[in-house]
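**Q** Here is a sequence with its predicted model. Questions after.
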4 protein chains.
Amino acid sequence: MTVVMDATALQAFLQRDFGQVADDFAVERADATGVTLRLRVAARHLRPGGTVSGPAMFGLADVAMYLAILRRIGPVALAVTTNCAMDFMRKPQAGVDLLAQARLLKLGRRLAVGDVLLFSEGGTEPVARAGLTYAIPSS
Amino acid sequence: MTVVMDATALQAFLQRDFGQVADDFAVERADATGVTLRLRVAARHLRPGGTVSGPAMFGLADVAMYLAILRRIGPVALAVTTNCAMDFMRKPQAGVDLLAQARLLKLGRRLAVGDVLLFSEGGTEPVARAGLTYAIPSS
Amino acid sequence: MTVVMDATALQAFLQRDFGQVADDFAVERADATGVTLRLRVAARHLRPGGTVSGPAMFGLADVAMYLAILRRIGPVALAVTTNCAMDFMRKPQAGVDLLAQARLLKLGRRLAVGDVLLFSEGGTEPVARAGLTYAIPSS
Amino acid sequence: MTVVMDATALQAFLQRDFGQVADDFAVERADATGVTLRLRVAARHLRPGGTVSGPAMFGLADVAMYLAILRRIGPVALAVTTNCAMDFMRKPQAGVDLLAQARLLKLGRRLAVGDVLLFSEGGTEPVARAGLTYAIPSS
């Protein structure tokens, strides 16, 4: 298992290719076991009531898995999400960031599959989980 | 099968309870067979490249199903999404709105289940599909 | 949209390639809109209590989607299921067959995506729904 | 976190309530972190080609999650599967048993959510993963 992009390289990739959205995310960890990604929660991520919205949680899980793949194959690929199955289990805690822990379960030639757990910062029980599949373009 | 909120009532509900996000959505249809919801695509919904982002598609499917439930049980309930399984099948067409067609497959006392197809306006093949489950609060 | 295998051809394919399992299934319809597949419910498909088991429903949905793909690309391919998201909504009625209605939403070069509704025979409300993805082998 | 049924108690439960299917399964472990369940692979679990069938893998994941719940709430409940999202990642190895590792991510009053990894015995990479939701009956 080779890691070809570390947390610094992934953060630089986000900054270069994801434009303004990049500022939402901080790569906390990228190593042989996976990626931890922080969503810097801001007003635009909240739904009425003050907790993080479903789309913001989906986006966090999706980007975390994307980075977990790039960590292994480098910034060259144009992988696209083909499937995401997500369970929303608990209301995120108001006023704190969300952290995503992504791990890759399969990295095939054509498909990559992994799963993600989302936590409110400081929390021990996941607020959501997701299983994601990415299609890897032919090279 | 009773419809207790029509398109006008659902749009007013969005305007009142969803704040600024409400302007993203237009309820095109709400009848016995389901709901059609338009995402008025704007710059904030796009990913680099100009097509609608995954989180924006997730949000559209989620709100469409929510309205398909309220259409049947009225604005009183505080239903929450518990599960969403989504297939991303085609790249949305650039420069046009997205339309979601939501139908309810089960409306139980505790769980509501339905599915949603997303189309680029004018397109005949779905860009994404989603199956969603909502938990209905005890009354 | 071309249909290259009709109901008779699909049934013959099952009989030849699926061995003893083939007798569980009857292809009721295979046309431009999709496939209807019958599970001839027998004791081995039941769970304690007399309703059809989850694995039997999964198997029915999976085979129905497989046939919906072969209907379009012929018996040559070795497609494999990569993802299945299934909602179990109602208890199947005891003592009757199950019918699956499968439709294909995308037939790409590498991935095929579709969904399936399961009904107890004579019932009007679905007992389950499934979204399935198949990987199509490179030719 | 209390474990109210250990591996022996769960195995006895299977034997009493699951009839002939019980012999397919051996509870290898049931502790604070989850359940490991073995599928004693037999001819009836195989598809043409000799690998374990999709329905058999689904059944293994489903029973493993069921036992992970009973482990916590005891044999009184009549929990039912409401959702299963499953990724099939690798072909199971022929001629060996399958092992499921189930963990519970949420045990609510009404819904329990968890995930399962399936391995061919002796293998280090998962052949499949599943996220499952069970509805817990009102008491």
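**A** On my side now, so go ahead. Not measured: the values here are computed from a predicted model.
**Q** quick one: residue A:15 and residue A:25 touch, right?
**A** No. Residue A:15 lies out of contact with residue A:25 (CB atoms under 8 Å); the separation is 9.7 Å. (C-beta placed from N, C-alpha, C; glycine too.)
**Q** Looking at those two, which is more packed in?
**A** Set residue A:15 next to residue A:25 and count neighbours by other CB atoms under 10 Å in any protein chain shown: residue A:25 wins out with 22 against 12.
**Q** right, is the host helix or strand of residue A:63 up against chain D?
**A** Element membership of residue A:63, judged by DSSP states H and E, is helix A:54-73. No. Contact between helix A:54-73 and chain D is absent, the nearest approach being 12.3 Å (criterion: CB under 8 Å from any CB of the partner chain).
**Q** Next, the buried residues of that helix.
**A** Under the neighbour-count criterion of 16 or more other CB atoms under 10 Å in any protein chain shown, helix A:54-73 has A:54-73 buried.
**Q** what does the average pLDDT come to for the helix or strand residue A:11 falls within?
**A** Assigned by DSSP H and E, residue A:11 belongs to helix A:7-17. Mean per-residue pLDDT for helix A:7-17: 94.
**Q** helices or strands up against that helix?
**A** strand A:25-31, helix A:54-73 (3 or more CB pairs under 8 Å, 6 or more residues apart in numbering or on different chains; DSSP states H and E).
**Q** again, only this time at 10 Å
**A** strand A:25-31, strand A:34-39, helix A:54-73 (3 or more CB pairs under 10 Å, 6 or more residues apart in numbering or on different chains; DSSP states H and E).
**Q** neighbouring contacts of it?
**A** For helix A:7-17, the surrounding residues in contact (CB atoms under 10 Å, 6 or more residues apart in numbering or on different chains) are A:3, A:5, A:21-31, A:35-37, A:63, A:66-68, A:70-71, A:74-75, B:48.
**Q** ok, now how distant is the residue positioned nearest the centre of chain A from residue A:30?
**A** Residue closest to the average C-alpha location in chain A (CA atoms, centre = their mean): residue A:64, at 1.5 Å. To residue A:30, residue A:64 is 10 Å away according to CB to CB, to the nearest Å.
**Q** Also residue A:135?
**A** Relative to residue A:30, residue A:135 is positioned 22 Å away (CB to CB).
**Q** Looking at these two, which is more packed in?
**A** residue A:30 (24 against 20).
**Q** mind checking pLDDT for that one?
**A** For residue A:30, pLDDT reads 98.
**Q** now residue A:139
**A** For residue A:139, pLDDT reads 58.
**Q** same check, this time on residue A:77
**A** The model reports residue A:77 with a pLDDT of 65.
**Q** same check, this time on residue A:50
**A** 82.
**Q** Measure how buried the residue nearest to residue A:73 when sequence neighbours are not counted is and give me the count.
**A** Distance criterion CB to CB, 6 or more residues apart in numbering or on different chains; nearest residue to residue A:73, sequence neighbours excluded, is residue A:4 at 6.9 Å. Neighbour count for residue A:4, taken as other CB under 10 Å: 12.
**Q** Touching, residue A:4 and residue A:32? I think so.
**A** No. The pair formed by residue A:4 and residue A:32 falls short of the contact definition of CB atoms under 10 Å, at 11.5 Å.
**Q** check contacts around the residue nearest to residue A:73.
**A** A:70, A:71, A:72, A:73, A:74, A:75, A:76.
**Q** Which of the residues you listed sits closest to residue A:126?
**A** Nearest to residue A:126, judged by CB to CB, of the contacts of residue A:4 is residue A:71 at 21.3 Å.
**Q** quick one: which of the helices and strands packed on helix A:7-17 is nearest residue C:116?
**A** Smallest distance to residue C:116 across the helices and strands packed on helix A:7-17 (CB to CB): 24.3 Å, for helix A:54-73.
**Q** okay, the angle between that closest one and strand A:34-39?
**A** Interaxial angle of helix A:54-73 relative to strand A:34-39 (axes from the mean of the first three to the mean of the last three CA atoms, to 10 degrees): 140 degrees.
**Q** which of the residues in the helix or strand of chain A with the lowest mean pLDDT are buried?
**A** Counting by mean pLDDT, DSSP states H and E, chain A has its least confident helix or strand at helix A:7-17, which shows a mean of 94. Of the residues in helix A:7-17, A:7, A:9, A:10, A:11, A:13, A:14 count as buried by neighbour count, 16+ other CB under 10 Å.
**Q** hang on, isn't residue A:85 packed against residue B:82?
**A** No. The pair residue A:85 / residue B:82 is not scored as a contact, 12.0 Å apart, by CB under 10 Å.
**Q** Can you work out which residues contact both of these two?
**A** residue D:83.
**Q** ok so, going back, what distance separates the helix holding residue A:63 from the centre of its chain?
**A** Helix A:54-73 sits 3 Å away from the centroid of its parent chain (CA atoms, centre = their mean, to the nearest Å).
**Q** Which of the three states applies to residue A:113?
**A** strand (DSSP: H, G, I helix; E, B strand; the rest coil).
**Q** In space, what's closest to the closest residue to chain D within chain A - neighbours in sequence excluded?
**A** The nearest approach of chain A to chain D comes at residue A:85, 3.4 Å away (CB to the nearest CB). The shortest distance from residue A:85 to any non-neighbouring residue, by CB to CB, 6+ apart, is to residue D:85 (3.4 Å).
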